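Colleague: 3D, please:
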Amino acid sequence: MRVHGRASRVAVLTGAALLVTGVLAGCDSLAPPRSGSSGAGQLDWKRCEAPEGGREPGADWRCTTVEVPLDHAKPDGDTIGIALIRKQATRGSERIGSLLFNFGGPGGSGVDILPRAAGSYGDLNTRYDLVSFDPRGVAGSSGVRCRSDEEQERASRAIDMTPDTPAEEAAFVEDGADFGAGCERLSGTVLPHVGTTNAARDMDAIREALGDRKLSYFGVSYGTELGGTYAHLFPEKVGRVVLDAVVDPTADTVGHARNQARGFQRALENYLKDRGQDPGAGTRRITDLLREIDRAPLPTSSGRRLNETLALTGIVTPLYSESSWPQLTKALDEAGNSGTGDGLLQLADSYNGRDESGHYDTQSHSQRAISCADTKARPTAAEARALLPEFRELSPVFGPFLAWDTAGWCADWPVDGEHDTPEASAPGAAPVLVVGTTGDPATPYEGARKMADELGEGVGVMLTNEGEGHGSYGGSDCVTSLVDAYLLDGKVPADGRTCS
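Modeller: Have a look, this model is predicted:
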């Protein structure tokens, strides 16, 4: 779970078709400089190698690295390499420029994700070079590492993320401090510099290296926070920008947790209603099941035990996408009727980035490092405990986890955070298309309207998708056609349009 969700791993984008009105002003300024057919003369593109734990991209993909300051406040100091991947536009004579993607997390590797997701962006690839990157502190860009696989496995078995006793609470707090200490020990050089403001400045360096006068950008989930930060810092450089599955820029640490408690409970109730169940009764059955699993973890065919934390993670994972709801039904039936936890454990492993051999990816390490670099908040265990009554009321299933998560995340973090809430105001920027889905569990719909308002009048253009899931592009003719018309032809939908 955690603030932005893991859009890069589990999101299946859904949505639905409207006419578009208006034309984006200044479209010609998006064109790359005339010198050089690719507009990227500064970069040495080479065939990509397979990322750790991933597949080698196909022959059409090329990779490179952009050197940027480790600390943008010290531009002449040490540098860090930002890994990039690109697939060139298929109709070069009609090329608009580059379209930069961030798929969320934070901590998602764009170098790994974009080749796997590119089939959804085929029409955009006719006129754009598809480009993505590993943000600083992620994977190929000096990725943060905090623990070994063995340490992560021990924690997944031993730590109760919804502690019920003083001993469990003490272990929970100690584990959070130990994680932060591991990050400092293994990644201390980069750790103070992985925040979103620095990543947004990296994006402007990427834009310049690609040869684009303005940035065309597609951000999903946490990628919307990154996009809003870029627009705030560089409003004059904003080209055609789409923000889908939008993070609420007005929420602090507790506010994000509160939003997600509402969002995941809403998605769970929609799932239960879709299955013909009473939402209240279905919620009680699930809370009873979790209570039983907490008392006696379920066996699995692998020999591992499904504890409450893993079961909760397995329940939340398919709520990111309506197409995954049948998997949730099967896994819940198996746990409740057969008393075995294979289905929920498989879903939890997918979310946690664990493969069958017991190797974990490091997205959760990067996610925590970036989130804690961004926020000044350091809630204590006592403050988290005080949230429990409110959060249980918001969501009997997910509320306790999200309340405790406020303290488990950045307490005792070894570096200070930057701000309370990110800045997204972008006066003078070109229109930014902000897409919110009414049933989005991880970045609830209400945050999209707040982002549009924060960007400012005439900048934030709100598009509502009436549907389920985390993100909307790619599964709906409506949202997809509107976004494509905007990115390809500069046509801006009227603010407040709805896809249903």
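Colleague: can I see the domain layout of this structure?
Modeller: 7-143+205-247+426-499, 149-190+251-410 (automatic domain parsing).
Colleague: As CSV, those domains with mean neighbour count would be great.
Modeller: The C-beta positions use only the backbone N, C-alpha and C, and glycine is treated the same way. Output for those, formatted as CSV (neighbours: other Cβ atoms under 10 Å):
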stretch, mean neighbour count
domain 7-143+205-247+426-499, 21
domain 149-190+251-410, 19
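Colleague: Can you flag the weakest of these by average pLDDT?
Modeller: Ranked by mean pLDDT, those bottom out at domain 7-143+205-247+426-499, with a mean of 87.
Colleague: With distance to residue 197 added, can I get the domains of the chain in JSON lines?
Modeller: Output for those, formatted as JSON lines (distance: least, Cβ to Cβ, whole Å):
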{"stretch": "domain 7-143+205-247+426-499", "distance to residue 197": "6"}
{"stretch": "domain 149-190+251-410", "distance to residue 197": "8"}
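Colleague: Residue 418 is nearest to which of those domains?
Modeller: Closest to residue 418 of those, according to Cβ to Cβ: domain 149-190+251-410, at 5.7 Å.
Colleague: Out of the domains of the chain, which is closest to residue 417?
Modeller: Nearest of the domains of the chain (Cβ to Cβ): domain 149-190+251-410, 4.2 Å.
Colleague: what's the distance between that closest one and the middle of its chain?
Modeller: Mean-position distance between domain 149-190+251-410 and its chain equals 16 Å (Cα atoms, centre = their mean, to the nearest Å).
Colleague: Over to it now: how far is its first residue from its last?
Modeller: Taking Cα to Cα, to the nearest Å, the first and last residues of domain 149-190+251-410 lie 21 Å apart.
Colleague: can you offset everything so residue one is 118?
Modeller: That works, and once the first residue is 118, the last one we named lands at domain 266-307+368-527.
Colleague: Spit out the contact partners of residue 288.
Modeller: Contact analysis of residue 288 by Cβ atoms under 8 Å, 6 or more residues apart in numbering lists 275, 276, 277, 280.
Colleague: Just the ones in helices from the residues you listed, please.
Modeller: residue 275 (DSSP state H).
Colleague: Just name the closest of the contacts of residue 288 to residue 327, please.
Modeller: The nearest member of the contacts of residue 288 to residue 327, counting by Cβ to Cβ, is residue 276 at 42.9 Å.
Colleague: on that earlier part again, make JSON lines out of the contacts of residue 288 and add distance to residue 460.
Modeller: Output for those, formatted as JSON lines (distance: Cβ to Cβ, whole Å):
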{"residue": "275", "distance to residue 460": "23"}
{"residue": "276", "distance to residue 460": "22"}
{"residue": "277", "distance to residue 460": "21"}
{"residue": "280", "distance to residue 460": "26"}
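Colleague: which residues in the stretch 168-317 of the chain form strands?
Modeller: Using DSSP state E, counting those that start in this stretch, the strands found in the stretch 168-317 of the chain span residues 178-186, 196-204, 214-219, 245-250.
Colleague: what's the offset of the last one from the middle of its chain?
Modeller: Centroid separation for strand 245-250 versus its chain: 18 Å, with Cα atoms, centre = their mean.
Colleague: packing partners for it?
Modeller: For strand 245-250, the packing partners by 3 or more Cβ pairs under 8 Å, 6 or more residues apart in numbering; DSSP states H and E come out as strand 196-204, strand 214-219, helix 227-234, helix 313-327.
Colleague: how far is the shortest one from where the chain is centred?
Modeller: Average the C-alpha atoms of strand 214-219, do the same for its chain, and the two points are 17 Å apart (Cα atoms, centre = their mean).
Colleague: Relative to that strand, what are the paired strands and their orientations?
Modeller: strand 245-250 (parallel), strand 332-337 (parallel) (DSSP bridges).
Colleague: Nearest to residue 570, out of those?
Modeller: Once the strands paired with strand 214-219 are compared by Cβ to Cβ, strand 332-337 is nearest, at 17.5 Å.
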